[in-house]
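Chemist: What follows is a predicted structure for the sequence shown.
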Amino acid sequence: MTKQRAAILDIIRSDKSHHTADEIFRLARQRLPGISLATVYNNLHALENMGLIRRITAERDADRYDSSFIPHGHVVCERCGKMWDFNIDGLDGLLSDAIGSEFSSYELKVRSLCDRCRKNGVA
Ligand SMILES: [Zn+2]
Ligand SMILES: [Zn+2]
């Protein structure tokens with residue numbers, strides 16, 4: 001793995017922020033000043049194909065990257081696009097019961113407001 005690719009993977013694994021490519025680019029540049037946005041995109045694509053990260057599409061916002069493959073849901077802030085994880089105990093069992101078989105993954109996205117946007121007032 002190249003130095004760039006390892007740095008990008010480390011950025012995604014180092015916190016649970018579900019960074020966008022732009023944010024990853026900004027953080028990667030602090031470590032590797034010469035890195036370009038195109039390189040970041042190429043490596044994100046490669047890491048996704050290698051099964052080391054996964055891309056989460058967010059309709060009105062840029063795609064985000066997650067290093068966790070454990071099934072979990074995402075809450076998306078309707079105002080600023082912040083994304084964070086949530087889990088429901090027993091959900092896996094409920095889902096397999098509902099569809100009558102095992103499943104490999106699911107996508108669960110709930111729209112709400114993050115703490116900061118809620119404090120700044122609901123429009
Ligand atoms: Zn917000
Ligand atoms: Zn997540």
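Modeler: Great, that's in hand. Ligands and ions are numbered 1, 2, ... in the order given.
Chemist: what does this protein have sitting close to ligand 1?
Modeler: Residues of the chain found near ligand 1 (Cβ under 5 Å from the ion) are 77, 79-80, 82, 114, 117. Glycine gets a C-beta too; all of them are placed from N, C-alpha and C.
Chemist: Out of these, list just those in strands.
Modeler: Cys77 (DSSP state E).
Chemist: Narrow the residues of the chain next to ligand 1 to just the buried residues.
Modeler: Burial by neighbour count, judged by 16 or more other Cβ atoms under 10 Å, picks out 77, 82, 114, 117 from the residues of the chain next to ligand 1.
Chemist: what are the ranges of the helices in the chain?
Modeler: Ranges of helices in the chain, per DSSP state H, are 3-14, 21-31, 37-49, 91-99, 115-119.
Chemist: Including distance to Phe69 and mean pLDDT, could those go into JSON lines?
Modeler: Shown next, in JSON lines, are these (distance: least, Cβ to Cβ, whole Å; pLDDT from 0 to 100):
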{"stretch": "helix 3-14", "distance to Phe69": "12", "mean pLDDT": "96"}
{"stretch": "helix 21-31", "distance to Phe69": "18", "mean pLDDT": "97"}
{"stretch": "helix 37-49", "distance to Phe69": "12", "mean pLDDT": "97"}
{"stretch": "helix 91-99", "distance to Phe69": "14", "mean pLDDT": "95"}
{"stretch": "helix 115-119", "distance to Phe69": "27", "mean pLDDT": "94"}
